[in-house]
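Student: Fold the following.
(2 chains)
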Protein chains: 2
Amino acid sequence: MKQIPYQKMAKFLTNRDENYSQWYNDLVIKADLAENSAVRGCMVIKPYGYAIWEKIQAELDRLFKATGHVNAYFPLLIPKSFFSKEAAHVKGFAKECAVVTHYRLKNDENGKGIIVDPTAKLEEELIIRPTSETIIWHSYKNWIHSYRDLPILINQWANVVRWEMRTRLFLRTTEFLWQEGHTAHATREEAEEETEKMINVYASFAENSMALPVIKGYKSENERFAGALDTFAIEALMQDGKALQAGTSHFLGQNFAKAFDVQFTDKTGKLDYVWATSWGVSTRLMGAIIMGHADNHGLVLPPKLAPIQVVIIPIYKNINQIGALSDAAIKIKAGLEALGITVKYDDRDNNKPGWKFADYELKGVPVRLAIGPRDIENSTIEVARRDNLTKETIPIDKVHEYIPKLLDDIQSNMYNKALNFRKENTFYVDNWSEFLKILDNQGGFIMAHWDGTAETEEKIKEETKATIRCIPFDSPEEPGKCIYSGKPSRRRVLFAISY
Amino acid sequence: MKQIPYQKMAKFLTNRDENYSQWYNDLVIKADLAENSAVRGCMVIKPYGYAIWEKIQAELDRLFKATGHVNAYFPLLIPKSFFSKEAAHVKGFAKECAVVTHYRLKNDENGKGIIVDPTAKLEEELIIRPTSETIIWHSYKNWIHSYRDLPILINQWANVVRWEMRTRLFLRTTEFLWQEGHTAHATREEAEEETEKMINVYASFAENSMALPVIKGYKSENERFAGALDTFAIEALMQDGKALQAGTSHFLGQNFAKAFDVQFTDKTGKLDYVWATSWGVSTRLMGAIIMGHADNHGLVLPPKLAPIQVVIIPIYKNINQIGALSDAAIKIKAGLEALGITVKYDDRDNNKPGWKFADYELKGVPVRLAIGPRDIENSTIEVARRDNLTKETIPIDKVHEYIPKLLDDIQSNMYNKALNFRKENTFYVDNWSEFLKILDNQGGFIMAHWDGTAETEEKIKEETKATIRCIPFDSPEEPGKCIYSGKPSRRRVLFAISY
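Tutor: Prediction:
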């Protein structure tokens, strides 16, 4: 790590209110989460960023398994022809893809380094998976014969590639990491239940682990996954008033079963096509955590996903004082670790305490303990929380009782803060000029009536960049008039400008 | 799962002694570990196979972290020019690679489905990583400036692609899953220590978790990793007398630092190139577990890597009997799970017990408990172990005390069995005709003298297909004559025909 004088460190982060986009980028880089790579649009996820992703993975994997799913792995490469099989899917995914055309390199005979061997051309091009429905349903054809083979409840942790033109670290990258669930069912009802179950899993993960409230709802037809009959999404509000789609769950009907001819014999002996769902979240969630909570000092990590939950920093003027401080710190660390808390004791002597304070603030560590010679005298310790930047001094013998509660408190405080922010920035709007005004000013979630047509949706998008993020599950029936066309509407939908 | 009458099930596995290769393939398919996909050389890892891989990953990841490593993620795609930078590396890896040349598909104007858009050609082709030294050292250049930035101890879990001509499930596939460690150090000594530390981590994992004894040693120059100054390997003996290289750890010297210009300022202010290592194991380990232990009944899984450690099967003639059996089984399951043991209670009524017995044998589940009405009367339960196929009846109230010990016993028995097999099939050979005879008959490990030249090594390979698997670390100094050339030799090396 480069040593930056802590007084200057804040200057390395652009002020969030001045340039949100630059602040985000600075933060990702300075907090050592990720960086751009030599390959356009592909990122390197650095150890600290990856450690957060590992926490996300572990908890999601636990939730998937608790709901009966198992993991498997399907090939990275998909024959080009597979993308033509499902009519809607081809439009959505057979576009900006990485195409493998050759399988060998050789030395150039004219000494110009290595070149692609023109004789090693593939008969059929292979596409790096942008999503795996096609190759998975091609496999399922051989796995499914009878109702006894169903349901199949499979998840895959994988990398995917979509050739994005404009990329941003974590939010939109050419390659990203994700999980994709692909399930097969005997009945429509069961597949619909699965679709809903998984959007609920995502929502509870977002709220409980990421400390981010989300709105669950249906996507409009325009925004549906290519090949889905229905797409459910969770939408979170970021601090700049934009929406971030944090997860989707798709009811695919029998579309992929028909495209790949996957039929089964039901209990009565009748042949039918299999019902499907798919659902996924990606490293984009990292962007949601950052933009949902971080401030001008840096990241603010929810304790449940923080790779370091507590950092202990010794404060001393004289190196002779370190012995007693270390003894106390190591004892505290061991006690907290026994409670399942991740603790780092940072006794490096090449950085001043102030530098360390700023660095762990930048990294979003939820709790900082500082201990100095006077604390040893008084049997106290200083406790600082990252979420609200407050400090207090507590008796050292209370630390093991206090910290677990404090971490819970930080977790719920972060959630409540985000929820209040969303409440303050959710607007029920009934006229077009107000709609425009809100989008021009602070942004936010706008609940407004819509006439239900793709044309109106498209026009609103063209004029304002705002899209229908979802039709919230809990949006009550309420007759009204479309904000744009004035035509009748039965319920409000959620509009926002999105990432 | 397809229902196969259990009497017939054994017939589905080719006899191991008749056709080892077919037996292996049958087993991978029938035990639901993996299957071939629509893409030549790429496999689908099915849930049961993937569950074993997850166990392997979890334990290795724990060992890597316990030795100070952290995980990160680097791009899948590598610019072609990167492969030209390290002279030896280009020869080894810039050959059979998947090459991405285009980034868009489009609809054919003549209605022939989707085609590659010729206008979307990349300026520089991208290679799907066959290994990541180049892209990682390109990143390290920006991360490393001073000795304070060192060491970097990073591991990556990833998929890689090598365009193999002959593929076999798990053993050699075009795409495979692996981990690759890439470390950077300030001194030669530290990098050498790391190289050795990691081969020891692999060896202890193989022996403790996979129950497979391995020989640790140096690779001869011919067999070294492309770009390494030294390659250490662990070699395991399979039941057909062939060797399987189960893991490698490379001392890369300053080769990659020089190729990517990665220099650092040492404590004295002097600039020097950084020292490197890399090390990896892959889904090939699955092949080692299968071929190291399985028999004509199917897989034999070491308890530490078995996704299901204990299966409980109720035996009843009359459906009215199931209540009491289930009560007992559920109690046993809960008790074992509280001890950290993974238990499946299989009360499906659509399969006969005999079918289930054969199926869990095929799947290699270490312990099978069977409970019937007479057991309830007598307060007993039948315990069958997969490793030696023995059965015994024990008092039901001893089960929670007995099973943990039994699992340990199976684990060590499997290791000892494999060790004995290796002892019986390791030959100290001093003349060429005996060398040939052993290779023609049973195969095995051959410890023989070698004159140290690449020419002799090459000729032995041409004539016998045997290669030097490694120069064992513990092979004592012992003057002798080369088995092939008769020239002087200072120690024996390990020959075998390998996978």
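Student: tally of neighbours for the residue of the stretch 201-350 of chain A found nearest chain B?
Tutor: Nearest residue of the stretch 201-350 of chain A to chain B: A:Asn350, at 7.1 Å (Cβ to the nearest Cβ). Bear in mind the C-beta positions are built from the backbone N, C-alpha and C, glycine included. Using other Cβ atoms under 10 Å in any protein chain shown, A:Asn350 is surrounded by 8 other residues.
Student: cool, the one 4 residues further on as well?
Tutor: As a burial measure, A:Gly354 scores 14 neighbours (other Cβ under 10 Å).
Student: Can you tell me how far the residue of the stretch 201-350 of chain A closest to chain B is from B:Ile154?
Tutor: 22 Å (Cβ to Cβ, to the nearest Å).
Student: One more: A:Leu301?
Tutor: Distance from A:Leu301 to B:Ile154, by Cβ to Cβ: 21 Å.
Student: Just want to know which of these two has more residues nearby.
Tutor: Ranked by neighbour count (other Cβ under 10 Å), A:Leu301 and B:Ile154 place A:Leu301 first, with 28 against 24.
Student: and that one, backbone torsions?
Tutor: Here the main-chain torsion angles of A:Leu301 (degrees, to the nearest 10) amount to phi -90, psi 140.
Student: so where do the helices sit in the stretch 101-250 of chain A?
Tutor: Per DSSP state H, counting those that start in this stretch, the stretch 101-250 of chain A carries helices over the ranges A:133-143, A:188-208.
Student: Including distance to chain B and mean neighbour count, could these go into a markdown table?
Tutor: Formatted as a markdown table, the helices of the stretch 101-250 of chain A follow (distance: least, Cβ to the nearest Cβ, whole Å; neighbours: other Cβ atoms under 10 Å in any protein chain shown):
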| stretch | distance to chain B | mean neighbour count |
| --- | --- | --- |
| helix A:133-143 | 5 | 23 |
| helix A:188-208 | 17 | 19 |
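Student: Adjacent strands (with direction) for the helix or strand that contains A:Val311?
Tutor: When secondary structure is defined by DSSP states H and E, A:Val311 falls within strand A:310-314. Partners of strand A:310-314 in the sheet, by DSSP bridges, are strand A:343-345 (parallel), strand A:367-371 (parallel).
Student: Going toward the C-terminus from the longest one, what's the next helix or strand?
Tutor: Just to be clear, that refers to strand A:367-371. Following strand A:367-371 in sequence, per DSSP H and E, is helix A:373-378.
Student: which strands and helices sit next to that next one?
Tutor: When contacts are defined as 3 or more Cβ pairs under 8 Å, 6 or more residues apart in numbering or on different chains; DSSP states H and E, helix A:373-378 packs onto helix A:322-338.
Student: and the helix it packs on, C-alpha only, in CSV?
Tutor: Extracted in CSV, the C-alpha atoms of helix A:322-338 (Å, rounded to 0.1, in the frame of the first residue of the first chain):
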residue,chain,number,x,y,z
ILE,A,322,3.7,-1.0,22.6
GLY,A,323,4.1,-4.1,24.8
ALA,A,324,1.2,-3.4,27.2
LEU,A,325,-1.0,-2.2,24.3
SER,A,326,-0.4,-5.3,22.3
ASP,A,327,-1.1,-7.6,25.2
ALA,A,328,-4.5,-5.9,25.7
ALA,A,329,-5.2,-5.8,22.0
ILE,A,330,-4.4,-9.4,21.4
LYS,A,331,-6.7,-10.4,24.3
ILE,A,332,-9.5,-8.4,22.9
LYS,A,333,-9.0,-9.8,19.4
ALA,A,334,-9.0,-13.4,20.7
GLY,A,335,-12.2,-12.8,22.7
LEU,A,336,-14.0,-11.2,19.7
GLU,A,337,-12.8,-13.9,17.3
ALA,A,338,-14.2,-16.5,19.7
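Student: Let me see the contact set for A:Lys141.
Tutor: By Cβ atoms under 8 Å, 6 or more residues apart in numbering or on different chains, the contact list for A:Lys141 reads A:260-262.
Student: so where do the strands sit in the stretch 151-300 of chain A?
Tutor: A:152-161, A:175-185, A:215-218, A:230-237, A:243-253, A:263-265, A:271-273, A:275-282 (DSSP state E, counting those that start in this stretch).
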